[in-house]
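Asker: Any chance you can model this:
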Amino acid sequence: MDAVLPKKIRQKYGMDEGFRLIVTEYMGRICLVPVKEYEKPTEALYGSVKVEKDIDDPKRMAREYIRKKLVEDL
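Answerer: Residues are numbered from 1 along each chain as shown. Alright, predicted model coming up:
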């Protein structure tokens, strides 16, 4: 379902045509949360996980972790 926000509000918050929003509820109110788009979706995750030391090869680290979890589940 598409809905239209008033032009004044779209201009105030820099929402161009096709701008996407998530509609959610918070403390009894309806909230509109802008969806930020990334050229590379992994950019959205950058900095969201804190580690003790930098990881040189994150893919290798992820594979090792998954392999370890699979072995534990056997």
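Asker: Residue 60: how many residues sit nearby?
Answerer: Residues contacting residue 60 under the criterion other CB atoms under 10 Å number 10. Bear in mind the C-beta positions are built from the backbone N, C-alpha and C, glycine included.
Asker: Make sure it is indeed in a helix.
Answerer: Yes: looking at residue 60 with DSSP: H, G, I helix; E, B strand; the rest coil, it is inside a helix.
Asker: Tell me the confidence at it?
Answerer: The model reports residue 60 with a pLDDT of 86.
Asker: Would you mind checking which helix or strand in the chain has the lowest mean pLDDT?
Answerer: Within the chain, no helix or strand scores below helix 58-73, which has a mean of 85 by mean pLDDT, DSSP states H and E.
Asker: Mind listing residues that contact that helix?
Answerer: Where contact means CB atoms under 8 Å, 6 or more residues apart in numbering, the residues beyond helix 58-73 that reach it are residue 55.
Asker: mind redoing it with 10 Å?
Answerer: Contact with helix 58-73 is made by 42, 49, 51, 55, 57, as judged by CB atoms under 10 Å, 6 or more residues apart in numbering.
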